[in-house]
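> generate coordinates for the sequence data below:
(chains A and B)
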Amino acid sequence: MKAAHDTYAPSKRWRLPTFGHFATLLGAVIVATAFLVAVFAPYLTPHDPFAQDLNLRLIPPIWMEGSQATHLLGTDQIGRDYLSRLIYGTRISVLIGVLTVVTSGIIGITLGILGGFYGGRIDAVVMFVITCRLSIPLILVALTVVALVGSSLTVVILTLGLLLWERFAVVARTTTMQVRNLDYIAAAQAAGASRAHILLREVLPNIANHLVVVATLEMALAILLEAALSFLGLGVPQPLPSWGLMIAEAKEYMFFSPWVIVAPGVALFILVLGINLLGDGLRDMLRADLRQWRS
Amino acid sequence: MTHAIEVRNVYREFQQRSSLGRARGAVCAVDGVTFSVAAGDVLAVVGESGCGKSTLARLIMGLLPPSSGEILVDGRSLVCVDRRERARLIQPVFQDPFSSLNPRQRVRDIVGLPLASQGDLPKARQSDRVMEMLARVGISTEMAERLPGQLSGGQRQRVAIARALVLHPRIVVCDEPTSALDVSVQAQIINLLAELRRELGLTYLFISHNLAVVEHIATEVAVMYLGRIVEHAPTQDLFRQPMHPYTQALFASVLTPDPALGVPDVALGDAYPDPTNIPSGCRFHPRCPKAFSECPATEPDNIRKDGRLVECLLAVDNQTRADRGDGSVAHFQLDR
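Below you'll find the model as predicted:
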């Protein structure tokens, strides 16, 4: 009895091949660091990210000639501390990533579960809405909306959240269709459980691991899209230190002060890489998990 | 006395659709079934895969609406009762305890769901009843905190039985409750079900293809073929003297423990029935070893005789045939 229990212990179920394990761990560390940095940004920054000092413009980072010890990553074209702006930029990227995924997740998962569970006409409507969404050019609509409504953090989050739900819907729909026919759904129906209970407590927890993988993909996509919008001047407005905006502002100086464009670019790259590694790892673990269930 | 389960002329069709969503014909999974089960009895439904046993079970549990016909459970029509009342009347035990228990819920929540869904019992009382029922089926208190993945197949099926009985229903539908289990565990589960029935005065609808289990637990047996009940009789009578050729073939197909005897020849041929295209006349005639000229043309009526029912032209006795002016065929074969 004891032994049987031990073989099903979660720690053993989540064992991974070494490289996958390392990559997933790296992704998890990057994402966790980014979240911590975002939450504690005010305590980590050496300077006010908005304070300008025109006497200290474009100071190079600490390892280059002419640097100053107080500005580890130097300053930008109007003398703001670059490290502080980068740290606050993490905050904006993470905020956009999380809120976009929450918004789009709620929309997509609701549609997907309803379509997948009830099938028939409801499913036909859900599929039609998904197809409509897929035929909308994402960047063009985002640009148009932001150009019409005006750019602000809220508008960017809402626009992306209202556009990026289709993968949630597709995955929630197909996984719900698989779960719907299992006996524990029939048992819950026979037990007299309400529809809300069946959808939220019986179906949702059993498709949640698939949705977590989608969430990581969507988060990386949202962060990149925000950077792209900000780079085009239609995302987060100045003087907020969004990474995309920092890259846009830095492009005029990149030949003589390359770090101003390299630093936010590398930050963006690392964060998106970390999220994707974590997503890949979660997907592999999920597969191992499924294999365990089947055996 | 009202019957525990009464099924009146029930049909259930499934539409088959092409990829464009156009109707392409229907499969009649349950095709005009009528029977009743008295309170306290165990009716076993047997038949080969795809004959409509599980559809029948789902209809009786109220998980599927019938296309036509009426199902009364404890004297009440299933259309008229709401989900809470239905849960108090009838509960299922499914075949595969690996899929009938939600892998993300703890045993105590799984067993407590029927109580929680009633919504009128305080939480502490619910918990007491869950623990009581788990103890009754032989699951210890410490296992109540576990996930189904941490239990063995037999333990899972005990949990499923506890969930079915926690509301004290009168009727339990067992859909092949032992066929996914190891042989050693099967007997334990069958004995548990038999004990619980005696103690709690339950009525079982027992779906199975294991004839040994059926003989052990059932008081009556209904044999299904292609959506219809072709023979329905008290267990002892049926096992002593199967009347329908299909029932005879089913009994002949049971493997014997002696390997020297080999695989029994059931003389059914290999024409597996196609449920979308049901044969004319008697639907069993293309496979029937005793078919004669009349079989493809005439649909047999239900013949009632000595408290049993059989749907076969061979069972029409000489007298009836003589009345119809057809004395030529007179086999009323009861031999096995």
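> tell me how many other residues surround residue 135.
Because you didn't say which chain, this covers chain A. Neighbours of A:Ser135 under the rule other Cβ atoms under 10 Å in any protein chain shown: 7. C-betas here are computed from N, CA, C, even on glycine.
> hmm, no, I was thinking of chain B.
As a burial measure, B:Ala135 scores 13 neighbours (other Cβ under 10 Å).
> spit out the contact partners of the nearest residue to it once chain neighbours are set aside.
Of all residues beyond its chain neighbours, the one nearest B:Ala135 is B:Thr141 (7.4 Å), with distances taken as Cβ to Cβ, 6 or more residues apart in numbering or on different chains. Contact analysis of B:Thr141 by Cβ atoms under 8 Å, 6 or more residues apart in numbering or on different chains lists B:Met131, B:Leu134, B:Ala135.
> and the one residue in chain B that gets nearest to chain A, what helix or strand is that in?
Of all residues in chain B, the one sitting closest to chain A is B:Ala87 (3.1 Å; Cβ to the nearest Cβ). Following DSSP states H and E, one finds B:Ala87 within helix B:83-89.
> hmm, the helix or strand following that helix touching chain A?
Downstream of helix B:83-89, the first helix or strand assigned by DSSP H and E is strand B:90-93. Yes. Residues of strand B:90-93 contacting chain A under Cβ under 8 Å from any Cβ of the partner chain: B:Ile90, B:Gln91, B:Pro92.
> which residue lies nearest the spatial centre of chain A?
Note on chain A: the residue nearest the mean C-alpha position is A:Met219, at 1.7 Å, using Cα atoms, centre = their mean.
> pretty sure that one sits against A:Leu99.
No. A:Met219 lies out of contact with A:Leu99 (Cβ atoms under 8 Å); the separation is 10.1 Å.
> next, count neighbours for B:Pro97.
With other Cβ under 10 Å as criterion, B:Pro97 counts 26.
> what strand or helix carries it?
Under DSSP H and E, no helix or strand contains B:Pro97.
> picking that back up, so which of the contacts of B:Thr141 is the closest to A:Leu134?
B:Leu134 (48.9 Å; Cβ to Cβ).
> now the closest one: how far from B:Arg146?
11 Å (Cβ to Cβ, to the nearest Å).
> looking at those two now, which is surrounded by more residues?
Legend: neighbour count by other Cβ under 10 Å for B:Leu134 and B:Arg146, higher for B:Leu134 (22 against 17).
> contact partners for the residue lying closest to the more buried one once chain neighbours are set aside?
The shortest distance from B:Leu134 to any residue other than its chain neighbours is 5.3 Å, reached at B:Ala162 (Cβ to Cβ, 6+ apart). With contact taken as Cβ under 8 Å, 6+ apart, B:Ala162 is in contact with B:Val111, B:Val130, B:Met133, B:Leu134, B:Arg136, B:Val137, B:Ile139.
> so how many other residues sit close to the third one?
As a burial measure, B:Met133 scores 22 neighbours (other Cβ under 10 Å).
> do you know how far it is from B:Leu200?
Taking Cβ to Cβ as the measure, B:Met133 falls 11 Å from B:Leu200.
> between those two, which contacts overlap?
With Cβ under 8 Å, 6+ apart, B:Met133 and B:Leu200 have common neighbours B:Leu165.
> what does stretch B:233-248 rub up against?
Under the criterion Cβ under 8 Å, 6+ apart, residues B:44, B:214-215, B:218-221, B:223, B:225, B:230-231, B:250-251, B:284, B:288-290, B:306-312, B:314-315, B:334, B:336 lie in contact with stretch B:233-248.
> show the contacting residues for residue 166.
Since no chain was named, I'll use chain A. Listed by Cβ under 8 Å, 6+ apart, the contact set of A:Glu166 reads A:Gly108, A:Ile130, A:Arg133, A:Leu134.
> sorry, should have said chain B
By Cβ under 8 Å, 6+ apart, the neighbours of B:Val166 are B:Val111, B:Gly112, B:Pro114, B:Leu115, B:Arg129, B:Val130, B:Met133.
> the stretch 151-295 of chain A: strands as residue ranges?
In the stretch 151-295 of chain A, no segments count as strands under DSSP state E, counting those that start in this stretch.
> which residues of it score low on pLDDT?
Along the stretch 151-295 of chain A, the parts satisfying pLDDT under 70 run over A:287-295.
> mind listing the helices for it?
A:153-163, A:166-180, A:183-190, A:195-197, A:204-231, A:243-250, A:259-294 (DSSP state H, counting those that start in this stretch).
> turn those into a markdown table, columns for distance to A:Leu83.
Shown next, in a markdown table, are the helices of the stretch 151-295 of chain A (distance: least, Cβ to Cβ, whole Å):
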| stretch | distance to A:Leu83 |
| --- | --- |
| helix A:153-163 | 22 |
| helix A:166-180 | 35 |
| helix A:183-190 | 53 |
| helix A:195-197 | 49 |
| helix A:204-231 | 19 |
| helix A:243-250 | 12 |
| helix A:259-294 | 8 |
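> tell me which residue lies nearest the centroid of chain B.
Taking Cα atoms, centre = their mean, the centroid of chain B lies closest to B:Ile207, which sits 2.9 Å from it.
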